[in-house]
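Peer 1: Test case, fold it:
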Amino acid sequence: MELDLTGRRVLITGGSRGIGRAIAERLAAEGCQLQLAARSATDLEQARAQLTARYPVAVDCHALDLAEGEAVARLAQACADVDILINNAGAIPGGGLQDVDETRWRQAWELKVFGYINLCRALYPAMVKRSGGVILNLVGIAGGEITEGGYLAGTTGNAALAAFTRALGGVSPADGVRVLGINPGMTATDRLVNLMRETAVAKGLAADDWRRLTADQPFGRPAEPAEVADLAAFLVSDRAAYISGTLITIDGGLSSRGRLF
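Peer 2: Coordinates of the predicted model:
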C-alpha cells in the first residue's frame, strides 16, 4: 500500500532507540524528513548516521530533556513546521503504591505525561494555522487498556494520556488536525531484551535463551518494534484520514486477558 508520505516533516520524541527508532526507520523509508529528539546526543547521532546512510532524507537531532518545560519550548520553536508529531519519549518505573516515591513519580510524569501534553500544546496552533497535521501519542496497554497495580505510576499516567488523546482527538477535526494514539503491549526493544537477558541469567538460563521467558505471551513472543512502526506509519498517513480521537492497541490480544503479569 502506497502511503504517500514522501516529504512529510515529522518530529519523533524518544526517536533514538526502541519503538521511536523503529518508527524513524519506517518513516525514513517512506521518504519523510525527520526531526529526532532524545536525551542522549550520542544515541541521536548514531541514529542519524544510520538513517542518512540508508535513505535520501534529512535527519536533524535535538538532544534535550523533555521533562523540562524550557526544553519543550526550544524543541517546538525549532520544529514549528512539522506535519506530524509523534510523542514517544518516556519511561515510567514499575512498582506499587509504596514502591515509587513522590520525587521519582513526578519526574516520570514530567517526561511522559506533561511532556506529551506540553509538546501538543506548543505545536498544535501551527497545525491549526495550516489546517492540517497529525499528532500520534504512544501510550501503552497499562492504563490505555487495562489497570495494573504493580505498575501504578505507569498505569495512571497512561490512563491520563489515553483520555487526553481521545478528548483532544474528538475536537481536533474541526481544526483540520487528527490526534490519535497507539497502545503497544510488550515489545522487544533493546531495553526489554537486555532486561530479559539479565532475568534469564538470574533464573539459571543462558542469556540467549531469554525468549523462553516470553512463552506465555500471545503467539509465544513479544511484539517487534517494526510491527508497531508499521502501524504508526499507516496511522499518520492519509490512508487513515478519518481516524481521530482513538487509540489502536497492538498487543496480540494480551490486554483482552485482563492482566499483564
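Peer 1: what mean pLDDT does the helix or strand hosting Asn158 have?
Peer 2: Taking DSSP states H and E as the criterion, Asn158 maps to helix 152-171. Helix 152-171 carries an average pLDDT of 96.
Peer 1: list the helices and strands the one helix or strand Cys61 maps to packs on?
Peer 2: In this assignment (DSSP H and E), Cys61 forms part of strand 59-63. Where contact means 3 or more CB pairs under 8 Å, 6 or more residues apart in numbering; DSSP states H and E, strand 59-63 is packed against strand 33-38, helix 41-54, helix 69-78. (Each C-beta comes from the backbone N, C-alpha and C, glycine too.)
Peer 1: Do you have the helices of the stretch 101-250 of the chain handy? List them.
Peer 2: For the stretch 101-250 of the chain, applying DSSP state H, counting those that start in this stretch gives helices covering 102-130, 141-144, 152-171, 190-202, 225-236.
Peer 1: will you turn the ones you listed into JSON lines that also has mean neighbour count?
Peer 2: Formatted as JSON lines, the helices of the stretch 101-250 of the chain follow (neighbours: other CB atoms under 10 Å):
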{"stretch": "helix 102-130", "mean neighbour count": "18"}
{"stretch": "helix 141-144", "mean neighbour count": "25"}
{"stretch": "helix 152-171", "mean neighbour count": "20"}
{"stretch": "helix 190-202", "mean neighbour count": "14"}
{"stretch": "helix 225-236", "mean neighbour count": "21"}
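Peer 1: Could you dump the ones you listed into TSV with distance to Leu44 added?
Peer 2: Shown next, in TSV, are these (distance: least, CB to CB, whole Å):
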stretch	distance to Leu44
helix 102-130	16
helix 141-144	27
helix 152-171	24
helix 190-202	15
helix 225-236	17
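Peer 1: Which among these is found nearest to Trp210?
Peer 2: helix 190-202 (4.0 Å; CB to CB).
Peer 1: what's the angle from that closest one to helix 225-236?
Peer 2: With axes from the mean of the first three to the mean of the last three CA atoms, to 10 degrees applied, the angle from helix 190-202 to helix 225-236 works out at 150 degrees.
Peer 1: residues in contact with helix 190-202?
Peer 2: 17-18, 91, 186, 206-214, 222 (CB atoms under 8 Å, 6 or more residues apart in numbering).
Peer 1: what's the least confident helix or strand in this protein, going by average pLDDT?
Peer 2: When the helices and strands of the chain are scored by mean pLDDT, DSSP states H and E, helix 190-202 comes last with a mean of 85.
Peer 1: In the contacts of helix 190-202, find the pair that's most separated.
Peer 2: Among the contacts of helix 190-202, Ala91 and Ala206 lie farthest apart (CB to CB), at 27.0 Å.
Peer 1: Hmm, Gly132 and Tyr124 touching each other?
Peer 2: No - contact criterion CB atoms under 8 Å: Tyr124 and Gly132 do not qualify, at 11.9 Å.
Peer 1: anything in contact with each of these two?
Peer 2: Common neighbours of Tyr124 and Gly132, counting by CB under 8 Å, 6+ apart, are Val177.
Peer 1: which intervals of the stretch 1-150 of the chain have sub-threshold pLDDT?
Peer 2: For the stretch 1-150 of the chain, no stretch is flagged by pLDDT under 70.
Peer 1: Quick check: Asp60 vs Gln77, distance?
Peer 2: According to CB to CB, to the nearest Å, Asp60 and Gln77 sit 13 Å apart.
Peer 1: When those two are compared, which one has more neighbours?
Peer 2: Asp60 (15 against 10; other CB atoms under 10 Å).
Peer 1: so what's the more buried one bridging to?
Peer 2: Gln35 (DSSP bridges).
Peer 1: Please name the residues that touch it.
Peer 2: 34-36, 48, 78.
Peer 1: what's the answer for Ala207, then?
Peer 2: Shown in contact with Ala207 (CB under 8 Å, 6+ apart): 197-198, 200-201.
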